[in-house]
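>>> Show me the folded form of this:
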Amino acid sequence: MSEPSTHYTTFSIEREYPVTLAKVYAAWSQAEAKSRWFAGPSDQWTIVKREFDFRVGGRERVVGKFKIGKVSDFNCLYWDIVPEKRIVYSYEMYVDGKRISVSQATVEFKPKGKGTLLIFTEQVVHLDGYPTPQDREQGTRGLLDRLGESLSTS
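Residues are numbered from 1 along each chain as shown. Reported below is the predicted structural model:
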């Protein structure tokens, strides 16, 4: 058995979306809209369970299975919600039942011209060597790309 370890990192990602702030916020706050983009890669991952209770004190959970057999589990608690301004939540990530990280994330929404500036900031502690900080940031960038795609088609 390997020695327990922790690795801390913080990252922030800014994205501009050419749609209204209300539409970007809805993509985070409405179950159907969020399910269009907040998931694993469609060619490698299948949804197993999705729960969504978007309110302060509410929980969100997304469990999925990769083609290689691994199961990922996102388990979130919403701490602060100011409609069309910010969302603050904490979450645990599990792979095959093992907790791999615990994070606090803040999503800020700001008008930018005719569109919206989204600022996503995450503070994460990676547990026992998995995943690497680069993996989490890369995964988040991929999700924000999918958010942009879903906004352009909805």
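>>> Identify the single longest strand in the protein, thanks.
Counting by DSSP state E, the longest strand found in the chain is strand 98-112.
>>> Give me the distance from the helix or strand just after that strand to the chain's centre.
Next in sequence after strand 98-112, counting helices and strands by DSSP states H and E, comes strand 115-127. Using C-alpha atoms, centre = their mean, to the nearest Å, the mean C-alpha position of strand 115-127 is found 8 Å from that of the whole chain.
>>> Check stretch 81-94 too.
For stretch 81-94, the distance to the chain centre is 9 Å (C-alpha atoms, centre = their mean).
>>> which outside residues touch that stretch?
Here stretch 81-94 makes contact (C-beta atoms under 8 Å, 6 or more residues apart in numbering) with 21-22, 25, 28-29, 54-56, 60, 71-80, 99-109. Backbone N, C-alpha and C define where each C-beta goes, glycine included.
>>> what comes up buried for it?
Of all the residues in stretch 81-94, those buried under the rule 16 or more other C-beta atoms under 10 Å are Ile81, Ile87, Val88, Tyr89, Tyr91, Glu92, Met93.
>>> Same question for stretch 66-86.
Ser72, Asp73, Phe74, Asn75, Cys76, Tyr78, Ile81.
>>> Quick check: bridge partners of the fifth one?
Just to be clear, that refers to Cys76. Glu60, Tyr91 (DSSP bridges).
>>> Touching, it and Phe54? I think so.
No. Look at Cys76 against Phe54 with C-beta atoms under 8 Å: they stay out of range, at 9.9 Å.
>>> so what sits against both of these two?
Glu60.
>>> what's the helix or strand hosting Asp145 packed up against?
Assigned by DSSP H and E, Asp145 belongs to helix 133-153. Applying 3 or more C-beta pairs under 8 Å, 6 or more residues apart in numbering; DSSP states H and E, one finds that helix 133-153 contacts strand 6-17, helix 21-29, strand 115-127.
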